[in-house]
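Q: 3D model of this:
(2 chains)
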Amino acid sequence: MKQKKFNKKRLHKILNNWELYLMLLPAVLYIILFVYKPMYGIQIAFRDFQFKDGITGSRWVGFDQFRRLFNSYWFPIILKNTLTISILNLLLSFPLPIIFALAANELRNEKVKRTLQTVSYAPHFISMVVMCGMVVMFTSPSSGIINKAIEFFGGEAIAFMQKPEMFKWVFVLSGIWQGTGWSSIIYFSALAAVDKSLLEAAEIDGASRLQRILYINLPTIVPTISIQIVLAVGRLMSLGQEKVLLLQTSPNLNGSEIIATYVYKVGLEQYSYSFSTAAGLFNSLCNCILLITANTITKKITKQGLW
Amino acid sequence: MKRKKISVENLVMDTSIAVILLILVLITLYPVWYVVVASFTDSTELARNPGLLLWPEEFDAGAYRMVFKNPLLMGAFKNTFIILVTALPINIVLTLLCGYFMACPGMYWKKIITAIIMFTMFFNGGLIPGYLNIRDLGLYNSLWALILPGALSVYNAIICKTAIEAVPDSLRESAYIDGANDIQIIFKIILPLIKPTMAVLLLYYGVAHWNSWFNASLYIKDSLKLPVQNIMRSILLANDTLGGQGGDDYNAYAETIKYAAIVITTTPIMCIYPFLQKYFAKGVMIGAVKG
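A: Numbers count the residues shown, from 1 in each chain, chains lettered A, B, ... in the order given. Okay, the predicted model is just below:
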C-alpha cells in the first residue's frame, strides 16, 4: 500500500516535470542510436560476421577471434608499440607543462604572461592533418628544415619517417610541440590559488625566487599534478589511431603499427570485421581496467574521483 | 650580505626563466612562421635552399591563387561550411538541454540517466561496430554521417552542467513562480548568464568539426563530398596533385601550394581562439576531474 502511494507520488513528480524529460529526449535518442546501438554490435567479436547474415544471424564462434588475435604475428608488435609510444609520451610530455606554468607564472607583467599563453595554445588548434603534414615536410631528408639543420652542423640527413626506431620520437616530440601549452592551462589555474600573502611573507623573510617556487608554488599544485599523473596512466592504452595513421609509412610499420591502427587495417582494408572488433574490444577492456584502477587511486589520494 | 646573495640568486633565476620561456616561444612559433613565409616564397627559391626562411626574398602569392582556383578544395570548403552550419546548432542545443537536465536538482531517474550518459565517455562500440551502425542507419556516403555521430560531446555537456550549477537556484525558482516554463528558463535566463561558457563550447565543437578527417575517410566514398581536412590530407601527405589538376602552372607551385593550403585552412581558427582564451581554464579544470 505504502509502496503504491510512493509510486504514484513519483509518477506525479515525473509528470509535473514532463517538459524536462521531453527536452532530454533528443540527447538520449542520440546516445542510444549512435553510442549504445554500436555497443550491441560488439557481439560480432564472438561471431563470424558475414554481411548477408547480419549481426545476430552470423555464426557464434566464442573466443576464436581472440585466440587468433593473441596468436597472430602482429600481436606482440602492436602491443609493444602501443605501450612504448604511450610510456615514452607520458615520461617526456608530462613534466614540460608544469615547468612552463611555473616559469611563466613568475612573469610580473600580466599582458606579457597572457600573450605568452596565447602563443603557447596556438599549436593545439592546428589540425592533426596539417600538423602531421608539417612534420613530414620538416623531416624530409632532401628539403626538410630539420635535416638542413643537421647537415649544417656536419651531420648526415636522417630519413625520420622511414625508420621504425625513429617513429616513437617523431610521434612524441611532435605531440609535445602541439600539446605543452594547452596542457599547462590546468597548472596555471592551480597556480592562481597560491596564497599571495604567503609569497610576500616569504619574500620579506628573505626567500629567493627559486625557494618561493619550490616551497610555495610547487606544493600548491602537487594535488593537481598527482591527479594528472594518475589520469595519464589510466589513458596509457587509449592511444588513438588518427595521428599514427597520418604519420605511418610502410617502411616504419614495425615501429608504428599500434593496436588501434591494426584494428583499422584488418577491419576496413581486409574486411575481417569480427577479428577487428575483437582486437578493438581487447584494447577498450585494457583501457577500462587501467582507468578504473587509476580512478580508485585518485579517490584514495584526493577523495575525488571520476565517478 | 645575505640580501646580496639572494639578489644574485634571483638574477640568475630571472635570467634562466626568461631564457627558458624565450626558447619555448621560439620553438612554438618558428614552424608556424616558416610555413607562412614558405607559402609566399617563390617555388624555385624554396626548392633551392631555403635555409632559415625568415622573410620571403621574393614575395609571390601565386600559390594562393592556385589554391583558390582549385575546384576540389573549394568544394571541400563548401562541404565543411555545410557541416558547421548544420552541426553547430544541433551541438549547442543538445549540450544545453543535456547540461540543464543534469544540473536540475531533485529529478527522478537523474542519477541513472546521468550514469548512462557518463558511461559513454569511457566505453564505446569501437571502430567496426560504429561503422556497421552508420551503414545500417543508411547514413553512409552522406554528410549526415559526419554531423550526427558527434552531435553531443558528453565532456562538453558536463562543462555546461557545471556552468549551469553555478547559476543561483533562486533565479530558476522565481521564474517558475512567475509562470515560466523550462524552455523559457533555459533560453531567457540561463543562457545569457552562461554565455562565456557556451562561446567556448561553440569554439570546441567548431574546431572539432573543422579539424576532423577520420570519420569522413570512413564514411564518405564520393570525393566531392569530402571536407577540407581530407583534401588537405591528400595534398600534404599523399602528394596528390589535387585530383589531376596538374599542368605546368600547377607543378611550378607544387611545394608552395602545400604551405599556402595550410595557411588558408588554419587561419580562421587562429583568429578566433585568442578572444575566448580567458574562459579556457574553467573547462579544462572540470575536464581534469571528470576525465
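Q: please count neighbours and contacts with C-alpha atoms only from this point.
A: Will do.
Q: now do the buried residues in stretch A:150-158.
A: A:157-158 (16 or more other C-alpha atoms under 10 Å in any protein chain shown).
Q: in chain B, which residue sits nearest chain A?
A: residue B:125 (4.1 Å; C-alpha to the nearest C-alpha).
Q: thought that residue was touching residue A:33?
A: No - Residue B:125 is not in contact with residue A:33 according to C-alpha atoms under 8 Å; the separation is 11.5 Å.
Q: which one of the two is surrounded by more residues?
A: A direct count of neighbours by other C-alpha atoms under 10 Å in any protein chain shown for residue B:125 and residue A:33 places residue B:125 higher, at 24 against 17.
Q: name the residues that touch the helix or strand where residue A:176 lies?
A: Assigned by DSSP states H and E, residue A:176 belongs to helix A:164-183. Surrounding helix A:164-183, the residues in contact under the criterion C-alpha atoms under 8 Å, 6 or more residues apart in numbering or on different chains are A:84-85, A:88-89, A:92-93, A:96-97, A:100, A:117, A:120-121, A:123-124, A:135, A:160-161, A:244, A:247, A:251-256, B:27-28.
Q: output the below-cut-off pLDDT ranges for the stretch 101-250 of chain B.
A: Along the stretch 101-250 of chain B, the parts satisfying pLDDT under 70 run over B:239-250.
Q: please give the element, helix or strand, for the closest residue to the residue of chain B closest to chain A other than its chain neighbours.
A: Counting by C-alpha to C-alpha, 6 or more residues apart in numbering or on different chains, residue B:125 lies nearest to residue A:39, which is 4.1 Å off, once chain neighbours are set aside. Residue A:39 is part of helix A:37-41, with elements assigned from DSSP H and E.
Q: quick one: list the elements packing against that helix.
A: Packing contacts for helix A:37-41, counted by 3 or more C-alpha pairs under 8 Å, 6 or more residues apart in numbering or on different chains; DSSP states H and E, involve helix B:127-136.
Q: list the buried residues for the helix it packs on?
A: By 16+ other C-alpha under 10 Å, the buried positions in helix B:127-136 come out as B:127-134.
Q: quick one: it near chain A?
A: Yes - using C-alpha under 8 Å from any C-alpha of the partner chain, we find that helix B:127-136 touches chain A at B:127-130, B:132-133.
Q: quick one: secondary structure of the residue positioned nearest the centre of chain B?
A: Chain B has residue B:207 as the residue nearest its centroid, 1.7 Å off, counting by C-alpha atoms, centre = their mean. Here residue B:207 takes the helix state, with states given by DSSP: H, G, I helix; E, B strand; the rest coil.
Q: thought it was touching residue B:268?
A: No - under the criterion of C-alpha under 8 Å, residue B:207 makes no contact with residue B:268, lying 9.8 Å away.
Q: can you tell me the element residue 92 falls in?
A: Unless you meant another one, I'm taking chain A. helix A:75-93.
Q: actually it's chain B I care about, not the one you picked
A: With elements taken from DSSP H and E, the one containing residue B:92 is helix B:71-103.
Q: what segments of the stretch 151-300 of chain A are helices?
A: For the stretch 151-300 of chain A, the helices defined by DSSP state H, counting those that start in this stretch occupy A:164-183, A:185-191, A:196-204, A:209-212, A:218-234, A:242-247, A:253-256, A:259-264, A:273-302.
Q: please apply the same query to the stretch 1-150 of chain A.
A: Applying DSSP H, counting those that start in this stretch to the stretch 1-150 of chain A gives helices spanning A:2-16, A:18-31, A:37-41, A:54-57, A:64-71, A:75-93, A:95-104, A:110-121, A:128-138, A:145-152.
Q: and for residue B:40, the neighbour number?
A: Residue B:40: 23 neighbours (other C-alpha under 10 Å).
Q: residue A:189 touches residue B:281, doesn't it?
A: Yes - Residue A:189 is within contact range of residue B:281, at 6.3 Å (criterion: C-alpha under 8 Å).
Q: what touches both of these two?
A: Counting by C-alpha under 8 Å, 6+ apart, nothing touches both residue A:189 and residue B:281.
Q: domains in chain B, by residue range?
A: Under the assignment automatic domain parsing, the domains of chain B span B:2-48, B:69-290.
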